[in-house]
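Student: sequence first, then the predicted structure:
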Amino acid sequence: MKYDLVLEGRVLDDGQLVSSAICILDGRIEAVKRIAPSISETGELRRYGKALLMPGAVDTHVHFRDPGQTRKEDFASGSASAAFGGVTTIIDMPNNSPPITNGSELGKKLDIVRKKAHVDFGLYVMITPETDPIGLKDLLEGSGIRPTALKAFLGRSTNSLVFDPISDLSSLAGPIGDTNTILAVHPESGRYLKEGPMDDDPKGVLRKHDSNRPPMAERMAVGEAANALGKASTNLHLLHISTGDGIEASKGTGATVEVTPHHLFMDIKWAEANLENEALGKMNPPLRDTDHRASLWRALNDGTVDTIGSDHAPHLIDEKSVGLNSPSGVPGVETMLPLLLDSVKGQMTSLERVQHLLCGSPARRFSLGGKGSISAGHDADISVVDLSSSRRIRGEDLHSKCGWTPFEGLYGIFPQAVYSRGELIVENEVLCSRPGRGHYLSSVP
């Protein structure tokens, strides 16, 4: 057998970095060998020395704003930004304009974004109180385009249609459970969210926002959603848990838990001291206090957290200049993996844990076959990383349309090369990809 491509470097194996040769044929990993194949078996050989060869990251929580708000981001810029950050698979949220709430809107969105995607991608459909159980089952079991997963906003957020009351999720538990479809929820109960006075004052934005969306809203939404779904709560995925309360409420529900880089690397006190404009740290759910942030790190390291998602939700910088009136959301798909890799260098967590949370676990949870692992039979989605190479994060160096980052000045370890299905898409900070090469990934019913 002659391989198309062989990559030499180090692979994480049972907690150890082992020199290996990844042998690739037709875009998939054919074998992982300790001894490189002979020259006669190799079409192209790339040697990366002691660099880490890790699976491409899987980000199951991005808002690429396409269609409807492409001045902030579109699928081409968002997926290119993902590629530069070592993210080779994304799942895009449905709170577009118009919202993606049925098969017809899903098809229209797919027609638009598949021409732009640099990386492989999935798409959510939003469920609302108007979602018909029979229609949902037809969408999930029918012969048409199937969504990768479902999304419900349990409290108001950007361009969302709120699922209220949460107890009405029970009417959709049947089709969700019968088709084993993931329901990802924004877990903030609207009953506990305050409107609060909105103003342009640049001071106190984050404390006001935290007060308007208190930890109680998160804790109660977790319990209410799990109770409403009953046995189908094993299909529940809790997005961007931001508090120790939310972590505790998730235990025993059967649901899986996501946390975000912004809640891991920032809290209110840090943001007040480091962000020139506090509104750059405004997102839903809000930044919390230092104790909640510490709780998230403990949960990340003790196995309670199942995935890390960026919740990449960009807005233009001038939109973030009006205090509490600023829209909620921050960019993050490009900086997610670099920040987490640098946290390994700082001994905040382990490389094995990072690779699990950003690669293997999200791929398995969302039934994305072929993703998230350096092993035979999987797609050759691979990031090449020099673990000694940290650099300061600067918005001007990143590739989202929005042009800024809340992580300005923090350190990250960025990939030196990124492969998607065996194709080099980023090398030495240059995009080698083309729009439209990404494949659509629906989960297997």
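Tutor: Thanks, I have the structure now.

Student: the helices in the stretch 301-445 of the chain, which residues?
Tutor: 336-345, 351-355, 361-365 (DSSP state H, counting those that start in this stretch).

Student: between these, which gets nearest to Leu150?
Tutor: Leu150 sits nearest to helix 361-365 of all these, at 13.5 Å, using C-beta to C-beta. In this view, the C-beta of every residue, glycine as well, is placed from N, C-alpha and C.

Student: ok, and what's touching the longest helix anywhere in the chain?
Tutor: Secondary structure assigned by DSSP state H gives helix 215-229 as the longest helix of the chain. Contact with helix 215-229 is made by 152, 154-155, 166-170, 173, 176-177, 183, 185, 187-193, 233, 235-236, 238, 241-246, 248-250, 253-255, 285, 288, 292, as judged by C-beta atoms under 8 Å, 6 or more residues apart in numbering.

Student: give me the neighbour count for Gly27.
Tutor: Residues within reach of Gly27, counting by other C-beta atoms under 10 Å, total 17.

Student: tell me which element Tyr124 is part of?
Tutor: strand 120-126 (DSSP states H and E).

Student: chain center to that strand: distance?
Tutor: Centroid separation for strand 120-126 versus its chain: 12 Å, with C-alpha atoms, centre = their mean, to the nearest Å.

Student: report all helices and strands that it contacts.
Tutor: strand 87-92, helix 103-113, strand 149-153 (3 or more C-beta pairs under 8 Å, 6 or more residues apart in numbering; DSSP states H and E).

Student: closest one to Ala21 among the helices of the stretch 301-445 of the chain?
Tutor: Using C-beta to C-beta, these put helix 351-355 closest to Ala21, at 19.0 Å.

Student: show the contacting residues for the closest residue to Asp306 other than its chain neighbours.
Tutor: Spatial nearest neighbour of Asp306, excluding adjacent residues (C-beta to C-beta, 6 or more residues apart in numbering): Thr256 at 4.0 Å. The contact partners of Thr256, taken as C-beta under 8 Å, 6+ apart, are 236-238, 306-307, 365.

Student: again, only this time at 10 Å
Tutor: If you count contacts by C-beta atoms under 10 Å, 6 or more residues apart in numbering, Thr256 has them with 182, 184, 234-238, 250, 304-307, 361-362, 365-366.

Student: and what of Asn102?
Tutor: Residues counted as contacts of Asn102 (C-beta under 10 Å, 6+ apart) are 125-127, 130-132, 135-136, 139, 147.

Student: most tightly packed of the helices and strands packed on strand 120-126?
Tutor: strand 87-92 (a mean of 29; mean count of other C-beta atoms under 10 Å).

Student: helices or strands up against that one?
Tutor: Helices and strands touching strand 87-92, by 3 or more C-beta pairs under 10 Å, 6 or more residues apart in numbering; DSSP states H and E, are strand 57-62, helix 75-84, strand 120-126, helix 361-365, strand 382-385, strand 417-420.

Student: any idea how far that strand is from the chain center?
Tutor: 7 Å.

Student: ditto for stretch 171-183
Tutor: The answer for stretch 171-183 is 22 Å, by C-alpha atoms, centre = their mean.

Student: mind listing what's buried along that stretch?
Tutor: If you call a residue buried by 16 or more other C-beta atoms under 10 Å, then stretch 171-183 has these buried ones: 172-177, 179, 181-183.

Student: could you tell me which of those belong to helices?
Tutor: 173-177.

Student: and the closest residue to Asp178 other than its chain neighbours, what is it in contact with?
Tutor: Setting aside the residues directly before and after it, Asp178 is nearest to Lys137 in space (C-beta to C-beta, 6+ apart), at 7.1 Å. Lys137 makes contacts with 172, 174-176, 178-179, 181, as judged by C-beta under 10 Å, 6+ apart.

Student: surely Met126 meets Lys109?
Tutor: No. Applying C-beta atoms under 10 Å as the test, Met126 and Lys109 come out as separate, 11.3 Å apart.

Student: so what sits against both of these two?
Tutor: Joint contacts of Met126 and Lys109 (C-beta under 10 Å, 6+ apart) are 94, 96, 100.

Student: adding pLDDT, secondary structure and distance to Ser375, write those out as a markdown table.
Tutor: Formatted as a markdown table, the shared contacts of Met126 and Lys109 follow (pLDDT from 0 to 100; DSSP: H, G, I helix; E, B strand; the rest coil; distance: C-beta to C-beta, whole Å):
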| residue | pLDDT | secondary structure | distance to Ser375 |
| --- | --- | --- | --- |
| Pro94 | 98 | coil | 32 |
| Asn96 | 96 | coil | 35 |
| Ile100 | 98 | coil | 33 |
